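Chemist: Generate a structure from the sequence data that follows.
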Amino acid sequence: MRIIIILFSIVFLGCISQNSVRQKTIQRENIDSGKIQVLNMGFFHFGYTSDATSVDFDENDAKRQEEVRKLSQLITRFKPTIICLEYIPEMDEKINQAFQNFLQNPKELNTKYGELSMVGFDVARMSGLNKVYGIDNHMDYNYSVGDFIENSEELTNSIDPETYVELTNNPFKGYPEIEKLNNDFDNLPLLEKIKLYNDPIMLDYFLNTNADKLFYVGIENEFNGADQAAIFYQRNMRIYSNLNRIKMTKNDRVLILMGTAHTAMLREFIKRSPKFEMVNTLDFLK
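Modeler: Here you go, the predicted structure:
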């Protein structure tokens, strides 16, 4: 009998201990971090783009515009006080004049700047904002250098061609569901496209595609791939610096709308920042 009582006491105390730990965890989660909340959302580019990859999306189609409006309504639930878009700060005056013009007639979406004006302007309008911010920075780099070397009879990749080719030909190895969605991307509704582009696996894919797979590319003892990838990293470091140029307080809520490769890189900077805290993007796409 004594053994049973002892065992019961151990189990009971264990449950109390576990509940105590769980309660402390919940309390910690509920404590205000004191950091600026950030919704870091990746997009494909609506309309024309000079990017290496593009998506067939008719921004003038009525059905597509309705999808955009619904998407913007979902994003607005974040209640942003600052909206950052993918254009260089030198264009602030021009872009914000276009935004002011849109506010005069919000029934018609502004398609001139693709997702920046179609989504960015409308979310800003519904959030009661009178200004948007550009944080982009332009730098040229050759993200095709690895393909060029692989397809050249005169050149040989002396670093790790096997890994490079694997990342190129089988980027979703181990993730068949993501691969299936990506292969059917053009047939997905807009909301599902944006959900896919903000999936953590896709964010990693865009980092690999735009930069990291170049770490496995080089001729002889040179660093041809890494040097090009460094330019991509530098560009995004500058974008992050532009974000930090904007005066904000801990009460601000920052929405960042950019191409997904930039979103993926900014994710790496923000998640270890003492200043910012990212919310779960997918929570605002439901």
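
Chemist: Show me the domain layout of this structure.
Modeler: With domains defined by automatic domain parsing, the chain comprises 1-31, 36-286.

Chemist: Apart from its chain neighbours, what residue comes closest to Ser33?
Modeler: Setting aside the residues directly before and after it, Ser33 is nearest to Glu277 in space (Cβ to Cβ, 6 or more residues apart in numbering), at 5.3 Å. All C-beta atoms are positioned from the backbone trio N, CA, C, and that covers glycine.

Chemist: Surely that neighbour is within a strand?
Modeler: Yes. Counting by DSSP: H, G, I helix; E, B strand; the rest coil, Glu277 is found in a strand.

Chemist: The chain should start at 18 in everything you say after this.
Modeler: Got it, the first residue is 18 from now on, which makes the last one we talked about Glu294.

Chemist: Am I right that Ala141 is in a helix?
Modeler: Yes. Counting by three-state DSSP, Ala141 falls inside a helix.

Chemist: measure it to Asp75 for me?
Modeler: 23 Å (Cβ to Cβ, to the nearest Å).

Chemist: Looking at the two, which one has more neighbours?
Modeler: Neighbours per residue, other Cβ atoms under 10 Å: of Ala141 and Asp75, the larger number sits with Ala141, 25 against 12.

Chemist: thought that one was touching Val149?
Modeler: Yes. Taking contacts as Cβ atoms under 8 Å, Ala141 lies within contact range of Val149: 5.4 Å.

Chemist: from memory Gln213 sits against Asn204, does it?
Modeler: No Gln there; residue 213 is Leu. No. If you go by Cβ under 8 Å, Leu213 and Asn204 don't touch, sitting 11.8 Å apart.

Chemist: Count the residues that sit near the residue nearest to Ile105 when sequence neighbours are not counted.
Modeler: Nearest residue to Ile105, sequence neighbours excluded (Cβ to Cβ, 6+ apart): Asp153, at 5.0 Å. Other residues lying near Asp153 total 21 when counted by other Cβ under 10 Å.

Chemist: Tell me the secondary structure at Asp153.
Modeler: Following three-state DSSP, Asp153 is assigned to coil.

Chemist: so what's it up against?
Modeler: Listed by Cβ atoms under 8 Å, 6 or more residues apart in numbering, the contact set of Asp153 reads 102-106, 256, 259, 275, 279.

Chemist: The same query, at a cut-off of 10 Å, please.
Modeler: Shown in contact with Asp153 (Cβ atoms under 10 Å, 6 or more residues apart in numbering): 101-108, 133, 252-253, 255-256, 259, 275-276, 279.
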